[in-house]
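Chemist: Pasting a predicted model and its sequence here:
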Amino acid sequence: MWKQKEKFLSSFEENETFLFKDNNRKSTEYKVKGMEDGVLLLYSHKCDPIRIVGDYDVDGITSTTGLTILLSALEFKDVKKWIPRRFSNGYGLSEKIIDSKLEDGSEFMPKVERGLLITVDNGIAATDAILKAKEKGYDVLVLDHHMSDVIPPADVVIDPEAIEDSADFNMYCGAGLVYKLAQEIGVVPDFVMDKITVLAMIGTICDSVDLITCYNNKFQYDNYLIVKQGLELILQNSGRTSAMYDLLRKINKIEQINEKDIGFALGPIINAPGRLKDTGGEEMVNYLTLDNNEFSVIRPLTEHIVEFNDTRKDLTEKIKKALIQMIETEHMENDSPLIVKYVPKEGDANIYEGLSGIIAGQLSEMYKTDCFVFTPAIQTDENNNILVDDNNVPVYGELLKGSGRGYGNSNLKDALDKNVKLIEKYGGHALAAGVSILDKNFDEFKKGMSSVIEDVPDKDLDKEYDYEISINDVADTYESVKEFAPYGQGHSEPIFKITGFEAESKFKGLHYLIMGQNKNMVKMISNDIEAVDFKGKVFEKFKALKAPKKFTIYGTLSENSFNGKTTTQIRMLDIEV
């Protein structure tokens, strides 16, 4: 059964007007403590070696790309970057990375008289690695947004999540902090700032940080402003590198794009190389910085990157099907949390560690509970090279690496804190976490997590809607929905209960059209409003109800432009008669 969420105000327009009542500041007016010191530290090293360490996810890639573009535009000469290699380095700055060598055999961070290390989207927990960098002669600037009880011994630490009351707005992602750094510098050319804004927009959406927060009894909007501006700039040449342009061309988003396209189409492509290839994150940064209009070079790279995502989809589906079969065979459907392990088959050369988070999220939604997916970790040698056998198949060790995704009001970080004795390494927050355990501790870990996650999440958590309207109100309501866009974490897209829908016979005498590659989606029209089942969630119920003409819809509002005509749409989540 669907139920209405508790609302302070009854209508969408009233609620949004109240939510935006404090929206009277420009992005430049939102200040982050430490940014001025960060700029001074940066410029004090303009003639010195500068090293950047980022991350292999979308935020890490966009923040590293933005920082690289920024320093290049400001004519910093000796700048080199390192994206941690998911399989051989793991997450974040480490002593191994500081001692790593580049492809030409030179040291990434040789001993220097003066140098600067910048960590972005990581670093807040890297105390030992930062001390080692300082021993080699590097000052350290940390740009991070993760929580930590300990502040590392860097020269400047900027982390609004870890340092209380250090920012007017505290939910920036790594790419957002690069954007704020560029703002603080103030002399950045507009065409460079535009690209940094777009990268910050992509990182903000894909890292699921809040667009709007409440701080000091007022709503704060800086991420909302970043995303809104970035969505406008990505459609302009000044806001995208040549590579970004070609990637948008490939996914048919050159002239029109929204936050959903960023989160569900562009973001996964940016993420895919770093999920499947050890150096994939670094290759993605190198690709996104290409801005020379040499499309004969860029286009084959674009095709290759999109192929990574296609492979990622295929492998994800393969593993998910195998895990679902295991879950049902072993009657684990009601486990809370659901904790599973995928072991690659003998002779299987693919690397799955980078897919565990996606699969955990999908299983969490499917079974309505917290979920962890583990896979054996790849073994590496002393030089961080992946070990392979005589058939070039990766060698797996006794360590399991896993990703967790929370459901509802869960707190995975708190549950992991209570099982720390069984864990080799972990990190994350309430709804997402990464964790490493020894294979021999897997069963004990399952028991330990089950004992501390006592409350089974509400299985009907996703059966809530925001407002009730009639089919006659859809067009006008959607105009208001567009006015307050974009939506995302901290400013969720409204779900409507829409009454009075009566499907008209618009499809060769039928009142419905079956669509989709698998013929499992349905489309109907009432009062010139399209109701579309894009994910196949409604089709089976529609058939079971014997294709009714009159019903109530639960869904979100959007629009579709085709052949110069724009039509208001309802994206159906459910129907009831």
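Modeler: Looks like it arrived, so ask away. Residues are numbered from 1 along each chain as shown.
Chemist: The residue nearest to Asp48 when sequence neighbours are not counted: neighbour count?
Modeler: Closest residue to Asp48 apart from its sequence neighbours, by CB to CB, 6 or more residues apart in numbering: Arg114 at 4.6 Å. Every C-beta, even on glycine, is put in place using the N, C-alpha and C of the backbone. Counted with other CB atoms under 10 Å, the neighbours of Arg114 add up to 12.
Chemist: For Arg114, give me the pLDDT.
Modeler: Looking at Arg114, its pLDDT is 97.
Chemist: Quick check: phi and psi at it.
Modeler: Backbone torsions for Arg114, taken as degrees, to the nearest 10, come to phi -150, psi 130.
Chemist: ditto for the one 5 residues further on
Modeler: Per-residue torsions, Thr119: phi -100, psi 140 (degrees, to the nearest 10).
Chemist: Quick check: beta-bridge partners of it?
Modeler: Val53, Val142 (DSSP bridges).
Chemist: Quick one: residues contacting it.
Modeler: Thr119 makes contact with 52-54, 92-93, 126, 140-144, 154, according to CB atoms under 8 Å, 6 or more residues apart in numbering.
Chemist: which one among these gets closest to Ile498?
Modeler: Asp144 (43.0 Å; CB to CB).
Chemist: can you pull the contacts of the closest one?
Modeler: Here Asp144 is in contact with 119-124, 157-159, 161-162, 174, 177 (CB under 8 Å, 6+ apart).
Chemist: end to end, how far does stretch 464-484 reach?
Modeler: 21 Å (CA to CA, to the nearest Å).
Chemist: now swap in stretch 287-298 and tell me
Modeler: 8 Å.
Chemist: Tell me where the stretch 151-300 of the chain has helices.
Modeler: In the stretch 151-300 of the chain, the helices defined using DSSP state H, counting those that start in this stretch lie at 174-185, 190-206, 222-233, 242-250, 259-261, 267-276, 280-288, 295-329.
Chemist: For the helix or strand just after the last one, name the packing helices and strands.
Modeler: For helix 295-329, the succeeding helix or strand toward the C-terminus, using DSSP states H and E, is strand 338-341. Contacts defined by 3 or more CB pairs under 8 Å, 6 or more residues apart in numbering; DSSP states H and E place strand 338-341 against helix 295-329, helix 356-367, strand 371-378, helix 442-452.
Chemist: Mean neighbour count, these: which tops it?
Modeler: strand 371-378 (a mean of 24; mean count of other CB atoms under 10 Å).
Chemist: Run the chain-centre distance for stretch 328-345.
Modeler: 25 Å (CA atoms, centre = their mean, to the nearest Å).
Chemist: What average pLDDT does that stretch get?
Modeler: 92.
Chemist: burial measure for the closest residue to Asn223 other than its chain neighbours, as a count.
Modeler: Leaving aside its sequence neighbours, Asn223 sits nearest to Leu211 (CB to CB, 6+ apart; 4.6 Å). Number of residues near Leu211 (other CB under 10 Å) recorded here: 25.
Chemist: Phi and psi next, for Leu211.
Modeler: Per degrees, to the nearest 10, the backbone of Leu211 is at phi -80, psi -40.
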